[in-house]
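[1] Let me see the structure of the following:
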Amino acid sequence: MDHMEKLREYARLVVRTGANVQKDQLTVVNCSVENFEFGRMIVKEAYKAGARDVIVFWNDVKTSRLRYDNVSLEVLGNIPSWLAESRNYYAEQKAAVISIVGNDPEAYKGVASEKLQTSSKASAKAFEPYYKKMMNSEFQWCVAAVPEAKWAMKVFPELYEQEAIVKLWDAIFDAVRIGEGDAVEAWNNHKTFLSGKCRILNDAHFDALRYKNSIGTDFTVGLQKDHIWEGGGEFTPDQVYFFANMPTEEVFTAPDCNRAEGTLVSSLPLSYQGNLIENFSLTFHNGTVTDYQADKGEEYLKILIETDEGSKRLGEVALVPYDSPISNTGILFYDTLFDENAACHFALGECYPTNISGGVKMTKEELIAAGGNQSDTHVDFMIGTKDLEITGVTKDGQEICIFKNGNWA
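    Numbering: from 1, shown residues only. Sure thing, here's the model as predicted:
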């Protein structure tokens, strides 16, 4: 396949398998202006899939940066009602949402932390109905990536810009299984593999997981008592199957947000709000972050942890083998969509209610009482290494090795 054929196949895969757009379904596309050509390909494929209408929200990180540099905290803290109503409306209509990402990992480097925090909190409040329905999988949503020049040069700084873009495209195509045979069939096989891991973990129904490696992670996390492991894709209430992330290599579940003890040490940098956080650690007691430090970007780690009460606790536990396609590329993508699928990780903030039996029908208060974390944020950070050991602990105290030397045991 040449590059254009791969692009068309990628667009088809995102629309038909990722978001799984249905006949007569509204479809929303979020895309950077720099990637307008691929955005148009997504729109075309969505109409071919039978979408009733396709609404595109174009964004531009450079314009957003200018806004951060020039407007006041008061302006950033005010989300216009029409904008909130628009996003929440499409969630209410169960529109399929496709988001094309791939911005400069350090787009907002140097922006005052108060501005980033104010904007983040205002957005979380204004779009709360949208995010709640998304976390409940009430509509299909899919996040996929397209290279932009700044991102490509961050990943491959030794190359000229165009060479870096081409190389990043090749890495993305490999990660989403395009270029060798039928990509849809490859994703169906991948789904079967991940589903098998979920069955084993759900049958074991561990009470807790214990982590240890050579870079300093020494940590135990309790699992929510009625937790459910998921991986690959998931179903909407209307039984439409979709993949929220392309690529995806993880199986994940809900921790008990009140039970986390010890220290987690990052194994990969985290790009958060357009800033890099590197070589950081988090120490937990009774489920809460009690101490943290970072060699770079500690002020942004502080913003994340202090978003609200729930951002100090865990909302997701995810397992990814060290010997996996993205990890084996040896590429540090500086983008969570890829890096989280190269290593075991956790998320600070909101849990997925679908990871708790009956969670989708619970109120916010009921989820909290059940140990499901609630927050205005959900941010993944990577801790997996080639020597990571993970032990599952059953309710009766039996210990079973789950990961040995970074891989499934």
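
[2] mind giving me the domain split of the chain?
    Domain segmentation of the chain under automatic domain parsing yields 3-175, 205-232+240-408.

[3] And Ala208, how far from Tyr352?
    Applying CB to CB, to the nearest Å, the value for Ala208 to Tyr352 is 19 Å. C-betas here are computed from N, CA, C, even on glycine.

[4] wait, isn't Val29 in contact with Ile42?
    Yes. Shown here, Val29 and Ile42 form a contact pair, counting by CB atoms under 8 Å, at 5.5 Å.

[5] what number of residues lie near the closest residue in space to Asn202 that isn't next to it in sequence?
    Leaving aside its sequence neighbours, Asn202 sits nearest to Trp229 (CB to CB, 6 or more residues apart in numbering; 5.2 Å). Neighbours of Trp229 under the rule other CB atoms under 10 Å: 25.

[6] likewise Val240?
    Val240: 19 neighbours (other CB under 10 Å).

[7] sorry, back to before: ok, and which of the domains of the chain has the densest surroundings?
    Across these, averaging neighbours per residue (mean count of other CB atoms under 10 Å) puts domain 205-232+240-408 on top, at a mean of 19.

[8] what's the spacing between that domain and its chain's center?
    11 Å (CA atoms, centre = their mean, to the nearest Å).

[9] One more: stretch 141-151?
    13 Å.

[10] Just the strands from the stretch 151-300 of the chain, written as ranges.
    For the stretch 151-300 of the chain, the strands defined by DSSP state E, counting those that start in this stretch occupy 208-212, 218-223, 230-231, 234-235, 241-242, 251-253, 255-265, 270-272, 275-285, 288-296.

[11] Turn the ones you listed into a markdown table, including distance to Gly397.
    A markdown table is the format used below for these (distance: least, CB to CB, whole Å):
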| stretch | distance to Gly397 |
| --- | --- |
| strand 208-212 | 10 |
| strand 218-223 | 13 |
| strand 230-231 | 26 |
| strand 234-235 | 32 |
| strand 241-242 | 38 |
| strand 251-253 | 20 |
| strand 255-265 | 15 |
| strand 270-272 | 34 |
| strand 275-285 | 21 |
| strand 288-296 | 25 |
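
[12] closest to Arg87 out of those strands?
    Checking the strands of the stretch 151-300 of the chain against Arg87 by CB to CB gives strand 241-242 as the closest, at 18.6 Å.

[13] got the contact list for the closest one?
    Gly18, Ala19, Asn20, Ala96, Gln140, Trp141, Cys142, Gly233, Glu234, Phe235, Thr236 (CB atoms under 8 Å, 6 or more residues apart in numbering).

[14] go again using 10 Å as the cut-off
    Residues from elsewhere that reach strand 241-242, judged by CB atoms under 10 Å, 6 or more residues apart in numbering: 17-22, 96, 137, 139-142, 191, 232-236.

[15] I figured Ile331 hits Ala152, correct?
    No. Under the criterion of CB atoms under 10 Å, Ile331 makes no contact with Ala152, lying 11.2 Å away.

[16] Could you tell me which residues touch both of these two?
    Shared contacts of Ile331 and Ala152 (CB under 10 Å, 6+ apart): Lys167, Leu168, Ala171.

[17] and which of those residues is nearest to His345?
    Ala171 (19.4 Å).

[18] just checking, what packs against the top helix by length along the chain?
    Using DSSP state H to define each element, the chain has its longest helix at helix 183-204. On a contact count with 3 or more CB pairs under 10 Å, 6 or more residues apart in numbering; DSSP states H and E, helix 183-204 meets helix 3-12, strand 230-231, strand 251-253, strand 399-404.

[19] Could you list which of the shared contacts of Ile331 and Ala152 belong to helices?
    The helices, defined by DSSP H, take in Lys167, Leu168, Ala171 from these.

[20] ok, and the closest residue to Ile55 other than its chain neighbours, which helix or strand is that part of?
    Using CB to CB, 6+ apart and skipping the chain neighbours, the partner closest in space to Ile55 is Val28 (5.2 Å). Here Val28, judged by DSSP states H and E, is contained in strand 26-32.

[21] what comes into contact with the following helix or strand past that strand?
    For strand 26-32, the succeeding helix or strand toward the C-terminus, using DSSP H and E, is helix 36-48. For helix 36-48, the external contacting residues (CB under 10 Å, 6+ apart) are 4, 7-8, 10-16, 19, 21, 25-33, 35, 51-56, 58, 96, 98, 100, 102, 142, 144, 146-147.
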